[in-house]
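Asker: next one to model:
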Amino acid sequence: MKIELLQGDITTLEIDAIVNAANTSLLGGGGVDGAIHKAGGKQILEACIKIRNRQGGCKVGEAVITTAGDLPAKNVIHTVGPRWNNGASSEEEKLRNCYVNSLKLANENELKSIAFPNISTGIYGFPKEKAAAIAIQTVKEQRSFMEKVVFVCFDKENYAIYKREIERLNAAY
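Answerer: Residues are numbered from 1 along each chain as shown. Next up, the predicted model:
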């Protein structure tokens, strides 16, 4: 499995799946969620509404898959990250589950490449260093069938944090 790190816009990637840091309603929101819904067009929203009607949204830590609509990716995997509550609400485990369940869904759909944004580090307030460590460690532990996993950081700060964490973990392995 090849792990890559990019700074940029996740909506521009030609890849099997991009992961959306969604909210439980699946109806779009701010940050990466809003950008994916806007760039992907109404097909993503329509697919999310069908999922909502069938199962009532998506719970924190879980994941669902939809079309990518007008995006260059083939699919969007929507996962709901936890809001940071000073570690008092099993946030680390819930964030880990976002990555595990997204990879599991990708495997079930025979996808070979996936791109993750920085889940829960925006308005959900998860500490960025802790989130990066969980993301990278969880992906490495999955012994994944994936050929390529890309961590896409929108800003320089998260990019630098992920770069340090990848280097630290590579040195440990």
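Asker: list the buried ones in stretch 13-24?
Answerer: 13, 15, 16, 17, 18, 19, 20, 21, 22, 23 (16 or more other Cβ atoms under 10 Å). Any C-beta I mention is one placed from the backbone N, CA and C, and that applies to glycine too.
Asker: now render those as CSV, adding secondary structure, pLDDT and distance to residue 112.
Answerer: Formatted as CSV, these follow (DSSP: H, G, I helix; E, B strand; the rest coil; pLDDT from 0 to 100; distance: Cβ to Cβ, whole Å):
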residue, secondary structure, pLDDT, distance to residue 112
13, coil, 98, 14
15, coil, 98, 9
16, coil, 98, 6
17, strand, 98, 9
18, strand, 98, 14
19, strand, 98, 15
20, strand, 98, 19
21, strand, 97, 22
22, strand, 97, 23
23, coil, 95, 28
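Asker: closest to residue 72 among the residues you listed?
Answerer: Proximity of those to residue 72 (Cβ to Cβ) peaks at residue 13, which lies at 6.5 Å.
Asker: from residue 122, how far out is the closest one?
Answerer: For residue 13, the distance to residue 122 equals 19 Å [Cβ to Cβ, to the nearest Å].
Asker: got the buried residues of stretch 13-24 as JSON lines, with distance to residue 56 columns?
Answerer: Converted to JSON lines, the buried residues of stretch 13-24 look like this (distance: Cβ to Cβ, whole Å):
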{"residue": "13", "distance to residue 56": "30"}
{"residue": "15", "distance to residue 56": "29"}
{"residue": "16", "distance to residue 56": "27"}
{"residue": "17", "distance to residue 56": "23"}
{"residue": "18", "distance to residue 56": "24"}
{"residue": "19", "distance to residue 56": "21"}
{"residue": "20", "distance to residue 56": "18"}
{"residue": "21", "distance to residue 56": "19"}
{"residue": "22", "distance to residue 56": "14"}
{"residue": "23", "distance to residue 56": "13"}
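Asker: right, I'll leave it there.
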